[in-house]
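>>> sequence and computational prediction follow.
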Amino acid sequence: KSVLQMFYNCQSLGDIDMSNWHLAPTSNIQAVFVNCSKAKELDLSGWDLSSADYGWRLFDGCVRLEKVTFGDKWKWTTYAALPTPDTQYIEDATGKWYNASTGEAFSPGGIPEGVAATYVATDPKTAFAVYSAGDNSLDFYKRMEAPTEGTTFEGKTATEVYTGIETAEYDAPGDVNGEATTPWYSHHASITSVNFADGGIRPKSMSFWFQNFTALTSLAGLEKVDASRLTSLAHTFFRLTSYADGIDLSSWRPDSGIKLNLNATFSASTNLKSVDITGWEFDKSDWSWTFSYCSSLKQVRGLDEGSQLATAYTGSMFKDCKALESIDISRLSLTDDGGCEEMFFGCASLRAVTVGDGLTPALPTISAGNVAGADGKWHAASDGAAYVGDAIPPSKADTYYSVAPSVFAVYSDDDGSLDFYNRAGKPVVGDVWQG
């Protein structure tokens, strides 16, 4: 009735073929596979654990275990959960186990008992995209099987189907701003909607995915993307000239250890209003041209709160963002070999810029024709000192205003108050001010 420590500490043991083992109800299965660190597959379908009551550390140390089969008499006992799949040992592991037939995901301690099934340490579902000519849509899915081209799928014709998208790395070899190697690029000028319909899509790169989608007006389901292994977002949303809303990526969590490529990610999307990257944590990334030529961009969230982001390069990051009035980049700091040339070149409407002590960009000269009261200098909130744009004090955290401090009063209908200030940068009528 006991298989106590049968394979305990067999660190060189590979796969264990137990498919023909038919164990009668047993009461002691503790530590059977402890530290079988090279074992990848186990077939325990013949194990009858209906009377077992103690399975302490059954799978402890089975760090490379990728596939386990249980029978309908399998029972979980105390401290007998499967190990947590870790990318250190299993490529593409997500920390969950998946039913190999249905793709349903389970935590290591949540796998059902009394169910005959095989579980795998990586998601068995296939990520794919479907282009439908009927409504000019591009939809992304992760299912057990992709549809056949020409068939009806999710209520519309699957005109073209694209697989391999989680591992593919696309580019634009001829002209970096031109034709991309994405398989759907031939429809770039006609696709009007993009939707991530399923969760769990986990691409290694999204570079150039939507480059030159000039007819795109709807972008949905971005919160369903698993960004944990992304290495590049270069040119991902480049030149979305018809898209007139914001892009919220605050649910994404790129690996903090990855040098994420953000070159021209949103560049030339002339009607883009806002971007939210709140919560992102990563170092030594490339922010060159990221928001450049986004002439309607009003707000970028996520560069102000959180730990400092060491950036490799921020050159032309906000170049020609003509509608941008205020920005807080206090999280950004440059690496020793980094640069920030022309970071705010052409930002003619800037009223306020907050910087940290790790990044000192040159600020543009603002004219009174673009910002009422501007005198061509930048005025520090800390002491009122005035500077020309390329002479901002280095390594000093401060907020700079393009309008000199002045005395003004603000009346609010909200509470009938009249408040007096002596500050740089007056609020615009209708703005929220001081809460």
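Okay, I see it. Residues are numbered from 1 along each chain as shown.

>>> when you work out contacts or count neighbours from here on, use the C-alpha atoms and nothing else.
Fine.

>>> ranges for the helices of the stretch 51-200 of the chain?
Assigned by DSSP state H, counting those that start in this stretch, the helices in the stretch 51-200 of the chain number zero.

>>> show me where pLDDT drops low in it?
Applying pLDDT under 70 to the stretch 51-200 of the chain flags residues 52-55.

>>> what are the ranges of the strands in it?
Applying DSSP state E, counting those that start in this stretch to the stretch 51-200 of the chain gives strands spanning 67-70, 97-99, 105-106, 117-120, 126-132, 137-143, 152-153, 156-157, 160-163, 193-196.

>>> for the last one, packing partners?
Contacting strand 193-196 under the criterion 3 or more Cα pairs under 8 Å, 6 or more residues apart in numbering; DSSP states H and E are the following elements: strand 137-143, strand 218-220.

>>> go on, the third one?
If you count contacts as 3+ Cα pairs under 8 Å, 6+ apart, strand 105-106 packs onto strand 97-99.

>>> can you give the distance from the strand it packs on to the centre of its chain?
Distance of strand 97-99 from the chain centroid (Cα atoms, centre = their mean, to the nearest Å) equals 23 Å.

>>> for the residue nearest to the spatial centre of the chain, give its distance to residue 222.
Against the mean C-alpha coordinate of the chain, by Cα atoms, centre = their mean, the closest residue is residue 252 at 3.1 Å. To residue 222, residue 252 is 9 Å away according to Cα to Cα, to the nearest Å.

>>> same thing with residue 28?
Look at residue 28 and residue 222: by Cα to Cα, they are 48 Å apart.

>>> check what pLDDT the residue nearest to the centre of the chain gets.
With respect to pLDDT, residue 252 scores 95.

>>> then residue 429?
88.

>>> what is the burial count for it?
For residue 429, the neighbour count with other Cα atoms under 10 Å is 10.

>>> next, it: secondary structure please.
Assigned by DSSP: H, G, I helix; E, B strand; the rest coil, the conformation of residue 429 is coil.

>>> from residue 379, how far out is it?
22 Å.

>>> which residues of the stretch 301-435 of the chain score low on pLDDT?
Residue ranges of the stretch 301-435 of the chain with pLDDT under 70: 336-337, 424-425.

>>> residue 128 is in contact with residue 142, correct?
Yes. Taking contacts as Cα atoms under 8 Å, residue 142 lies within contact range of residue 128: 6.3 Å.

>>> what do these two both touch?
With contacts defined as Cα atoms under 8 Å, 6 or more residues apart in numbering, no residue is shared by residue 142 and residue 128.

>>> how far out from the middle of the chain is stretch 209-227?
The chain centroid and the centroid of stretch 209-227 are separated by 13 Å under Cα atoms, centre = their mean.

>>> ends of that stretch, how far apart?
Stretch 209-227 has an end-to-end distance of 14 Å (Cα to Cα).

>>> circling back to that earlier point, which neighbours do residue 252 and residue 222 have in common?
With Cα under 8 Å, 6+ apart, residue 252 and residue 222 have no common neighbours.

>>> most packed of the strands of the stretch 51-200 of the chain?
The highest average neighbour count among the strands of the stretch 51-200 of the chain, using mean count of other Cα atoms under 10 Å, belongs to strand 97-99 at a mean of 25.

>>> partner strands of it, parallel or antiparallel?
Strand 97-99 pairs in its sheet with strand 105-106 (antiparallel), strand 117-120 (antiparallel), by DSSP bridges.

>>> any idea how many residues pack against residue 433?
Per other Cα under 10 Å, the neighbour tally for residue 433 reads 11.

>>> what does residue 265 give?
Applying other Cα under 10 Å, I find that residue 265 has 27 neighbouring residues.

>>> for the remainder of this discussion, apply numbering that starts at 23.
Right, with 23 as the first residue, what we last looked at is residue 287.

>>> quick one: contacts for it?
Here residue 287 is in contact with 255-260, 311-313 (Cα under 8 Å, 6+ apart).

>>> so which of these comes closest to residue 415?
Closest approach between the contacts of residue 287 and residue 415, by Cα to Cα: residue 311, at 24.0 Å.

>>> quick check, the closest one in a helix?
No. With three-state DSSP as the criterion, residue 311 is coil rather than part of a helix.

>>> quick one, what contacts it?
Each residue near residue 311 by Cα under 8 Å, 6+ apart is listed here: 285-287, 289, 336-341.

>>> kindly recompute the last result at 7 Å.
Residue 311 makes contacts with 285-286, 289, 337-340, as judged by Cα atoms under 7 Å, 6 or more residues apart in numbering.

>>> over to residue 290?
260-261, 314-316.

>>> adding secondary structure, write those residues out as JSON lines.
JSON lines is the format used below for these (three-state DSSP):
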{"residue": "260", "secondary structure": "coil"}
{"residue": "261", "secondary structure": "coil"}
{"residue": "314", "secondary structure": "coil"}
{"residue": "315", "secondary structure": "coil"}
{"residue": "316", "secondary structure": "coil"}
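
>>> would you turn those residues into CSV with distance to residue 81, neighbour count and pLDDT?
Conversion of the contacts of residue 290 to CSV gives the following (distance: Cα to Cα, whole Å; neighbours: other Cα atoms under 10 Å; pLDDT from 0 to 100):
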residue, distance to residue 81, neighbour count, pLDDT
260, 48, 29, 98
261, 51, 27, 98
314, 52, 30, 98
315, 55, 25, 98
316, 53, 28, 98
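
>>> and these, which is closest to residue 212?
residue 261 (13.7 Å).

>>> surely that closest one touches residue 294?
No. Using Cα atoms under 7 Å, residue 261 makes no contact with residue 294, being 9.6 Å away.

>>> before we move on, the earlier item: now tabulate the helices and strands packed on strand 215-218 in TSV and tack on distance to residue 195.
Shown next, in TSV, are the helices and strands packed on strand 215-218 (distance: least, Cα to Cα, whole Å):
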stretch	distance to residue 195
strand 159-165	23
strand 240-242	26
